[in-house]
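**Q** Just need the structure, nothing else, for what follows:
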Amino acid sequence: MSPILCFAGPGFIEHKVAPNNRISGNGFGCSLSAMHNYFVVGANYDDNNDGIYSGAAYIFERSGNSWVETAKLLADDR
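**A** Here you go, the predicted model:
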(Lines give C-alpha, C1' and ligand atoms only; values in the text may rest on other atoms or scores of the structure.)
Protein backbone atom coordinates (compact mmCIF):
# COMPACT_ATOMS: atom_id res chain seq x y z
CA MET A 1 0.00 0.00 0.00
CA SER A 2 1.24 3.49 -0.78
CA PRO A 3 2.12 5.69 2.16
CA ILE A 4 -0.45 8.20 3.30
CA LEU A 5 0.86 11.75 3.49
CA CYS A 6 0.03 13.75 6.58
CA PHE A 7 0.25 17.54 6.67
CA ALA A 8 0.33 19.09 10.11
CA GLY A 9 2.18 21.79 11.98
CA PRO A 10 1.72 25.08 13.78
CA GLY A 11 -1.45 26.71 12.50
CA PHE A 12 -2.36 23.76 10.26
CA ILE A 13 -5.12 21.19 10.50
CA GLU A 14 -3.95 17.63 9.95
CA HIS A 15 -4.97 16.04 6.63
CA LYS A 16 -4.12 12.57 5.41
CA VAL A 17 -4.26 11.76 1.71
CA ALA A 18 -3.58 8.74 -0.46
CA PRO A 19 -4.04 8.09 -4.17
CA ASN A 20 -7.30 6.45 -5.23
CA ASN A 21 -5.44 3.48 -6.75
CA ARG A 22 -3.10 2.87 -3.75
CA ILE A 23 -0.50 0.75 -5.53
CA SER A 24 2.31 -0.49 -3.32
CA GLY A 25 5.79 0.76 -4.15
CA ASN A 26 4.81 3.52 -6.58
CA GLY A 27 6.79 6.17 -4.69
CA PHE A 28 3.74 8.27 -3.79
CA GLY A 29 4.98 11.25 -1.82
CA CYS A 30 8.46 11.49 -3.34
CA SER A 31 7.78 15.16 -4.10
CA LEU A 32 5.18 17.72 -3.17
CA SER A 33 4.15 21.16 -4.36
CA ALA A 34 1.29 23.24 -2.99
CA MET A 35 -0.42 26.50 -3.87
CA HIS A 36 -3.67 27.93 -2.55
CA ASN A 37 -6.33 25.17 -2.67
CA TYR A 38 -4.27 22.68 -4.68
CA PHE A 39 -1.29 20.44 -4.18
CA VAL A 40 0.55 17.99 -6.41
CA VAL A 41 2.12 14.77 -5.15
CA GLY A 42 4.72 12.91 -7.19
CA ALA A 43 4.94 9.13 -7.55
CA ASN A 44 8.24 8.51 -9.31
CA TYR A 45 7.89 4.70 -9.48
CA ASP A 46 4.33 4.63 -10.82
CA ASP A 47 4.19 2.45 -13.94
CA ASN A 48 0.48 2.58 -14.82
CA ASN A 49 1.33 4.13 -18.21
CA ASP A 50 2.87 0.91 -19.61
CA GLY A 51 6.37 2.17 -18.90
CA ILE A 52 8.55 0.83 -16.12
CA TYR A 53 8.77 3.58 -13.50
CA SER A 54 7.33 6.13 -15.93
CA GLY A 55 6.05 8.16 -12.96
CA ALA A 56 2.89 10.11 -12.25
CA ALA A 57 1.68 13.23 -10.50
CA TYR A 58 -1.53 13.34 -8.47
CA ILE A 59 -3.52 16.58 -8.18
CA PHE A 60 -5.52 17.19 -4.99
CA GLU A 61 -7.98 20.04 -4.42
CA ARG A 62 -9.33 21.31 -1.13
CA SER A 63 -13.04 20.61 -0.72
CA GLY A 64 -14.32 22.06 2.53
CA ASN A 65 -12.18 20.55 5.26
CA SER A 66 -10.77 17.70 3.19
CA TRP A 67 -8.63 17.09 0.10
CA VAL A 68 -9.96 15.28 -2.99
CA GLU A 69 -7.90 13.69 -5.76
CA THR A 70 -9.00 15.45 -8.96
CA ALA A 71 -6.50 14.17 -11.53
CA LYS A 72 -3.61 11.82 -12.20
CA LEU A 73 -1.06 13.09 -14.71
CA LEU A 74 1.00 10.65 -16.80
CA ALA A 75 3.81 11.35 -19.26
CA ASP A 76 3.01 10.86 -22.95
CA ASP A 77 6.47 9.48 -23.75
CA ARG A 78 6.72 7.06 -20.78
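**Q** Bridged to W67, which residues?
**A** R62 (DSSP bridges).
**Q** so it makes contact with A18?
**A** No. Counting by CB atoms under 8 Å, A18 is not a contact partner of W67; they are 10.2 Å apart. No exception for glycine: its C-beta is placed from N, CA and C like everyone else's.
**Q** In terms of neighbours, single out the busier of the two.
**A** W67 (19 against 16; other CB atoms under 10 Å).
**Q** S54 versus that one, what's the distance?
**A** Here W67 is placed at a distance of 25 Å from S54 (CB to CB, to the nearest Å).
**Q** any chance you could map the helices in the chain?
**A** Using DSSP state H, no helices are found in the chain.
**Q** Could you pull out the strands in it for me?
**A** 5-7, 15-17, 28-35, 38-43, 56-63, 66-74 (DSSP state E).
**Q** Kindly reformat these as JSON lines containing mean pLDDT.
**A** As requested, those are exported to JSON lines (pLDDT from 0 to 100):
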{"stretch": "strand 5-7", "mean pLDDT": "55"}
{"stretch": "strand 15-17", "mean pLDDT": "74"}
{"stretch": "strand 28-35", "mean pLDDT": "83"}
{"stretch": "strand 38-43", "mean pLDDT": "88"}
{"stretch": "strand 56-63", "mean pLDDT": "90"}
{"stretch": "strand 66-74", "mean pLDDT": "89"}
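**Q** Please work out which of these is packed deepest.
**A** Counting by mean count of other CB atoms under 10 Å, strand 38-43 has the highest mean neighbour count of these, with a mean of 19.
**Q** which other helices and strands contact that strand?
**A** strand 28-35, strand 56-63 (3 or more CB pairs under 8 Å, 6 or more residues apart in numbering; DSSP states H and E).
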